[in-house]
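Asker: Task: produce atomic coordinates for the following.
(one chain, ligands or ions: 3)
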Amino acid sequence: MTAQLIDGLALSKQLRTEAATRAAALTAKGKQPGLAVVLVGDNPASQVYVRNKVKACEEAGIHSRLEKYDAAMTEAELLARVDALNNDPTIHGILVQLPLPKHIDDHKVIESISPAKDVDGFHVASAGALVVGEPGFKACTPYGCMKMLESIGMKDLKGKHAVVIGRSNIVGKPMALMLLAANATVTVCHSGTADLGAMTRQADVIVAAVGKRNVLTAGMVKPGAVVIDVGMNRNDEGKLCGDVDFDGVKEVAGWITPVPGGVGPMTIAMLLVNTLESAERAAKST
Ligand SMILES: NC(=O)C1=CN([C@@H]2O[C@H](COP(=O)(O)OP(=O)(O)OC[C@H]3O[C@@H](n4cnc5c(N)ncnc54)[C@H](OP(=O)(O)O)[C@@H]3O)[C@@H](O)[C@H]2O)C=CC1
Ligand SMILES: Nc1nc(=O)c2c([nH]1)NC[C@@H]1CN(c3ccc(C(=O)N[C@@H](CCC(=O)O)C(=O)O)cc3)C=[N+]21
Ligand SMILES: [Mg+2]
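Answerer: Ligands and ions are numbered 1, 2, ... in the order given. Okay, here's the model as predicted:
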């Protein structure tokens, strides 16, 4: 059996076209949506991601402001920048690229972002809204994974068992909560899980969000399962790859996402969707 591909790149393009239509409608009313992306330091991966985000905004007609700062920037200086963006009516979304330099407390910086502009969905208010099922910004990566499931007719996961590998605040935990909200029965695995394969072999849906190559191999997958690969790693040749042994798992799974061209582009698309939602809300209230 060979799995069908969930093409995140194609799906993200569709979402970005819809975003462009919504952005144009706001701009026509003199209320162009705006996203601020703040990058501190010179992490090469962050440079690429941030450039991709800014480019996606431009293409969708969303105003983007890229603020790049030296790695020596102090926490107080960064907090002052966030405060200025919180009070800037032309900015509807604020993204502070992670990781931040070690001398800056990421938690403190994220909590300083106005929840109304937290388009990353990382603020404790956004995370809490997801826990209790209130409206709030959803973290872009798991939100994009849910859109991928929806695209293959799996919006409602009643009767399905989903296994999430990873429990970070930005991917694994919100992923588990979104799957739960979609009526899946959810298991969350992590570095303390005794027998990962025993868990994943029961799954109808597997989301791998670890950051290690080959965490999921063919023998760990139930035939026909849906496999979503969030991981972003480099192989020995320096090529981008996920957490899943793609070549092996694609022979067993029913559906699989590629890396690149899977979850990554969806993350960016959902960032635009969240920014539009923020801008539309702001337009209504003025
Ligand atoms: N495509 C995209 O848009 C995005 C991709 N990513 C990528 O996704 C991956 C995960 O990111 P993130 O959540 O931030 O990473 P973290 O490092 O914060 O979390 C990794 C999680 O994996 C768990 N883990 C580690 N080793 C194992 C193992 N052997 N078996 C089971 N679980 C394990 C850890 O467990 P414990 O909690 O016990 O330490 C932890 O919960 C990375 O590759 C990252 O680059 C991230 C964000 C967006
Ligand atoms: N505040 C904050 N918000 C984030 O959303 C955030 C962050 N910090 N820090 C880093 C992670 C990682 N992340 C990715 C987004 C897109 C791709 C992406 O587009 N990937 C392409 C390939 C890109 C390439 O070629 O390197 C793909 O998978 O096809 C990857 C990773 C967002 N993150
Ligand atoms: Mg830090």
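Asker: now do the same end-to-end measure for stretch 156-165.
Answerer: Distance between the two ends of stretch 156-165: 20 Å, counting by C-alpha to C-alpha, to the nearest Å.
Asker: anything in that stretch near ligand 1?
Answerer: Yes: residues of stretch 156-165 contacting ligand 1 under C-beta under 6 Å from any ligand atom: I165. C-beta coordinates here come from the backbone N, C-alpha and C atoms, glycine included.
Asker: Tell me how far that stretch lies from the chain's centre.
Answerer: Once both centres are worked out by C-alpha atoms, centre = their mean, to the nearest Å, stretch 156-165 turns out to sit 19 Å from its chain's centre.
Asker: What of stretch 256-272?
Answerer: Distance of stretch 256-272 from the chain centroid (C-alpha atoms, centre = their mean) equals 8 Å.
Asker: So for that stretch, first residue to last residue, what's the gap.
Answerer: End-to-end span of stretch 256-272 (C-alpha to C-alpha): 24 Å.
Asker: ok, that stretch near ligand 2 or not?
Answerer: Yes: contact between stretch 256-272 and ligand 2, assessed by C-beta under 6 Å from any ligand atom, occurs at V259, P260, G261, G264, P265, T267, I268.
Asker: and if you look at stretch 84-92?
Answerer: No: using C-beta under 6 Å from any ligand atom, we find that stretch 84-92 stays clear of ligand 2, coming within 13.5 Å at best.
Asker: Buried residues, that stretch. List them.
Answerer: Under the neighbour-count criterion of 16 or more other C-beta atoms under 10 Å, stretch 84-92 has L85, I91, H92 buried.
Asker: Closest one of those residues to ligand 3?
Answerer: Distances from ligand 3 to the buried residues of stretch 84-92, taken as C-beta to the ion, are shortest for L85 (19.6 Å).
Asker: The closest one is in contact with L95, isn't it?
Answerer: No: counting by C-beta atoms under 8 Å, L85 stays clear of L95, with 10.0 Å between them.
Asker: For those two, list the residues in contact with both.
Answerer: A36, V38 (C-beta atoms under 8 Å, 6 or more residues apart in numbering).
Asker: quick revisit: among the residues of stretch 256-272 next to ligand 2, which ones are in helices?
Answerer: If you go by DSSP state H, the residues of stretch 256-272 next to ligand 2 have G264, P265, T267, I268 in helices.
Asker: Which parts of the stretch 1-150 of the chain are helices?
Answerer: 8-28, 44-60, 75-86, 106-112, 124-132, 140-151 (DSSP state H, counting those that start in this stretch).
Asker: By mean pLDDT, show me the worst of these.
Answerer: Ranked on mean pLDDT, the bottom entry among the helices of the stretch 1-150 of the chain is helix 44-60, at a mean of 94.
Asker: nearest spatial neighbour of the residue of the stretch 101-250 of the chain found nearest ligand 2, skipping sequence neighbours?
Answerer: Using C-beta to the nearest ligand atom, the single residue of the stretch 101-250 of the chain nearest to ligand 2 is D120, 4.8 Å away. Excluding its sequence neighbours, the residue lying closest to D120 (C-beta to C-beta, 6 or more residues apart in numbering) is L95, at 5.3 Å.
Asker: didn't the one you found look like it was pressed against L272?
Answerer: No: L95 lies out of contact with L272 (C-beta under 8 Å); the separation is 11.1 Å.
Asker: Find me the pLDDT at T286, would you?
Answerer: Looking at T286, its pLDDT stands at 75.
Asker: How about the contacts made by it?
Answerer: By C-beta under 8 Å, 6+ apart, the contact set of T286 is K31.
Asker: L95 and L272: who's more crowded?
Answerer: Neighbours per residue (other C-beta atoms under 10 Å) separate L95 from L272, with L272 holding more: 29 against 25.
Asker: which residues does that one contact?
Answerer: For L272, the contacting residues are L15, R16, A19, L35, A56, C57, A60, I62, by C-beta under 8 Å, 6+ apart.
Asker: So it: helix, strand or coil?
Answerer: With DSSP: H, G, I helix; E, B strand; the rest coil as the basis, L272 sits in helix.
Asker: Having no further points to raise, I will conclude here.
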